[in-house]
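1. quick one: sequence and predicted model below, then my questions.
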Amino acid sequence: MLAIDENLRLTAWEIDLQFKDNPSNYGWISILLHWLTACIVLTLWFIADSASILDTQQEQRQQISLHISIAVIAYLFLWLRIGWRIKSGHPRLDNQSDLDHKVAKLAHALLLLAMAVLLLTGPLVVWSGGHEIEVFG
Ligand code: HEM
């Protein structure tokens with residue numbers, strides 16, 4: 001019979017804890033979502049913000065069009081990201097004071113709210129200009 005090293009044996013509960021948040025720590029799913037979101041938001045911000053330094057209107061339009069295409073592709077993911085945090089709550093790290101935890105929760109919630117506002121107002125800006133939302137159109 002195959003001998004299994006006791007130290008290597010992980011229960012389903014332990015594996016679960018590594019992926020999902022636990023009351024005092026963020027799990028791998030949250031960590032991955034966090035960094036993917038950071039990359040997407042910074043990319044979107046950089047592309048849109050740098051449109052203003054381009055010389056011609058056509059170049060600016062192309063830049064915003066790239067911004068919209070990436071935003072649309074990431075759209076569902078970003079909403080899922082918000083939903084995941086609402087569902088998972090906010091782990092309280094070891095030794096974190098009440099005040100620190102409340103401030104961290106508030107800052108986190110405000111960032112997610114800002115992202116939700118951008119996701120709602122972005123399409124409205126396009127539609128209110130009488131345009132359709134196109135992905136690499
Ligand atoms: C988290 C997601 C998003 C971020 C971080 C973001 C960020 C930005 C930023 C920084 C600007 C430049 C604002 C300025 O300097 O005037 C901008 C402009 C713009 N964004 Fe987004 N955006 C997001 C989502 C979206 C979505 C989903 C759409 C539409 C589908 C969209 C459409 C636009 C348009 C059309 C503009 C140009 C507005 C104008 O004409 O001044 N954005 N965005």
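-> Nice, I can see it.

2. with adjacent residues omitted, what lies nearest to the residue in the chain positioned nearest to the ligand?
-> Of all residues in the chain, the one sitting closest to the ligand is Gly122 (2.4 Å; Cβ to the nearest ligand atom). Bear in mind the C-beta positions are built from the backbone N, C-alpha and C, glycine included. Among residues not flanking Gly122 along the chain, Ala71 sits closest, at 5.9 Å (Cβ to Cβ, 6 or more residues apart in numbering).

3. what about the one you found, helix or strand, and which?
-> Using DSSP states H and E, Ala71 maps to helix 57-88.

4. buried ones in that helix, by neighbour count?
-> Residues of helix 57-88 classed as buried by neighbour count (16 or more other Cβ atoms under 10 Å): 63-72, 74, 78, 81-82, 84-85, 88.

5. near the ligand, from these?
-> Restricting the buried residues of helix 57-88 to those near the ligand by Cβ under 6 Å from any ligand atom leaves 64, 67-68, 71-72, 78.

6. give me phi/psi at Asn22?
-> With angles defined as degrees, to the nearest 10, Asn22 sits at phi -120, psi 170.

7. hang on, I meant Arg92
-> Backbone geometry at Arg92, expressed as degrees, to the nearest 10, gives phi -100, psi 110.

8. and Ile31, by the same measure?
-> Dihedral angles for Ile31 - degrees, to the nearest 10 - are phi -60, psi -40.

9. with Gly137 as the reference, measure out to Ile86.
-> The gap separating Ile86 from Gly137 is 33 Å, by Cβ to Cβ, to the nearest Å.

10. hang on, the earlier thing: please, which helix or strand holds the residue of the chain closest to the ligand?
-> Going by DSSP H and E, Gly122 is in helix 98-128.

11. low-confidence ranges, this protein, go.
-> Along the chain, segments meeting pLDDT under 70 span 1-17.

12. stretch 125-137 spans what distance, first to last residue?
-> The first residue of stretch 125-137 is 17 Å away from its last residue (Cα to Cα, to the nearest Å).
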